[in-house]
Structures are given as C-alpha cells and as structure tokens.
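Visitor: could you look at this predicted model? Sequence included:
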Amino acid sequence: MSWRDVVQPALRLLLQPGAGLDPQLEVLRLGAEHEDIDASDVVVTPTVSGALVTGTLVSTTTWERLHLRQLGDHDTDLQKVVRQAVGHLDSAADEGRRRREVDRYYLHLRDVTYRGGRSAYTLPTWRGSVTAVTGWTLGAPVGSAR
C-alpha cells in the first residue's frame, strides 16, 4: 500500500468533528503502516490508563505476524493452527496477493515495556486503542522521577 492510498482517508478521519485523535501520533502510526517509509526504529511512549507503554511502532501486518508467532509458542494444537495461518499470511504477502487495510483504531508496538505504578513488565507485542491514549512522547523514559 502506498502512502498516497492513505493520505486522503487519513485526512478525512482527522478532520472529522469529535475524532479525538492526535494528528502527530496519527502521522507516526500511519508512517509505520507503509513499506515506503522507514519507521523501523521509531520508539514511542503513550500513556494509557495512567500507565506508560514504551515500544517500537510497527505496522498492523508486522504486529499480526509477531502475535501469531507468539501464540504458536504455547499449546501444540494451537501451534499447528497458528503455523498454518502464519504460513498462509507469509505466502500471500510474498506473492503480493494480500492487501491490508490500515487499522486506524489501534496502535501496534513491539519490544514493549509496560510501566504501571512501581512495576515494569516487558512484553513482545502490544496493541492498544488509539482513543485510549491520553498523552505520548517520542522515545523511552530514562531514570525515575523523584
């Protein structure tokens, strides 16, 4: 999908009354969705329900593949189903048959650190509603506040 395929729908979405979306975060999210933009190292820290969620932005397709592989690491029966699904996704993507719509309702991250209260957890992937984000910054927190 090219950048031009998304610009007009994205602008319509952002300009809707009551859209409630942060235009700058939306531009970063859309950039991660497109293969013609190198957003492979963009780290963001959104605030969601009072917690900090730090991770690298990824496209819906990348998150989907990582998540399916993660599911496949658990139960052996589930592993078979997931491996088949991932195989089909990979084959379709390689052959150019699969065209994804931009998932405009979710932010997708990999290599995540979730900080809530005094606890911090690492997660391989994270998917959160864009409308649940109450604030965000580029990069990861350093040190602790006193």
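Guide: All right, it came through fine. Just so it is clear, the model here is predicted, and its values are computed rather than measured.
Visitor: tell me which helix or strand in this structure has the weakest average pLDDT.
Guide: Of the helices and strands making up the chain, the lowest-confidence element is helix 4-15, at a mean of 63, by mean pLDDT, DSSP states H and E.
Visitor: only the buried residues of the helix or strand following it, if you could.
Guide: With elements assigned by DSSP states H and E, the helix or strand that comes after helix 4-15 is helix 23-32. Using 16 or more other Cβ atoms under 10 Å as the test for burial, helix 23-32 gives 25-26, 28-32. Using the backbone N, CA and C atoms, a C-beta is placed for each residue, glycine as well.
Visitor: go through those residues and name the one nearest G135.
Guide: Each of the buried residues of helix 23-32 was scored against G135 by Cβ to Cβ, and L25 proved nearest at 9.6 Å.
Visitor: just checking, that closest one touches T134?
Guide: No: if you go by Cβ atoms under 8 Å, L25 and T134 don't touch, sitting 11.2 Å apart.
Visitor: low-confidence bits of this protein, can you list those?
Guide: Along the chain, the parts satisfying pLDDT under 70 run over 1-20, 35-39, 72, 75, 79, 83, 86, 89-90, 92-103, 144-146.
Visitor: okay, strands next: where are they in it?
Guide: 43-48, 51-57, 106-116, 119-129, 133-138 (DSSP state E).
Visitor: burial check on the nearest residue to Y114 once chain neighbours are set aside, number of neighbours?
Guide: Ranked by Cβ to Cβ, 6 or more residues apart in numbering and with sequence neighbours excluded, the top spatial neighbour of Y114 is Y121, at 4.7 Å. For Y121, the neighbour count with other Cβ atoms under 10 Å is 10.
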